[in-house]
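> only the shape, not the letters, is given here:
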């Protein structure tokens, strides 16, 4: 079974530029999550989708971050414009179900973003 | 939101059993306790999940007392490859919080 795919793996941009990350979840997984992980900290949930609907985006900085999951499969996270403090690893995860038990999340390898 | 509290770091030696305790005083009735492992430059990986009493799988055991305000992840006979950060979460499908985790360092 293929895992969660993310691209690109690395990205370096200047502040005020835009950047987009792509995620393809495990086939059949209805729930998709985007996390931001700053060095030395645990992952912070940015947004959670159930199929193509948003169920939680309370920690998404909506003035500069946006995300979509058209057709309920793959997803894109965008930052526009980027700030220095956005430098982090952006992780995508998916799960078969939202409610426990068995709501195990499968994580992708992440995209390491450096904002100069 | 059921936040969790874990030790920042722990040291162990190869072959020892390691127990990492997590406190979750305001756990909700329908929250499950879930542990993830994260190696450097990788995304977290699910280890084990439980609701009460004891759960065991091929890599770990999870002990949850009756009041569910804490839980203990037990790793039997650790090896160097178990050096990683371990996160405890208490959630069902609502808001959840990874925290900073416990950095386990296994020494030879």
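Yep, it's here. Because the structure is a prediction, the values reported are computed rather than measured.

> quick one: contacts for residue A:40?
Neighbouring residues of residue A:40 by CB atoms under 8 Å, 6 or more residues apart in numbering or on different chains: residue B:100. All C-beta spots, glycine's among them, are computed from the backbone N, C-alpha and C.

> so it lies in a strand, does it not?
No. Under DSSP: H, G, I helix; E, B strand; the rest coil, residue A:40 falls outside any strand and is assigned coil.

> what pLDDT does the model give it?
Note on residue A:40: pLDDT of 91.

> look up phi and psi at it.
Backbone torsions for residue A:40, taken as degrees, to the nearest 10, come to phi 90, psi 0.

> ok, the one 10 residues further on next?
Summarising the backbone geometry of residue A:50 under the convention degrees, to the nearest 10, its torsions are phi -120, psi 110.

> what ranges do the strands span in chain A?
Remark: strands assigned in chain A by DSSP state E are A:5-7, A:10-13, A:19-24, A:31-37, A:44-50, A:53-56, A:65-68, A:75-79, A:88-95, A:106-107, A:111-115.

> sheet partners, orientation included, of the longest one?
It refers to strand A:88-95. Strand pairing for strand A:88-95, determined by DSSP bridges: strand A:31-37 (antiparallel), strand A:106-107 (antiparallel), strand A:111-115 (antiparallel).

> so which of the ones you listed is the most packed in?
The highest mean neighbour count among those, using mean count of other CB atoms under 10 Å in any protein chain shown, belongs to strand A:31-37: a mean of 23.

> how far is that strand from where the chain is centred?
4 Å (CA atoms, centre = their mean, to the nearest Å).
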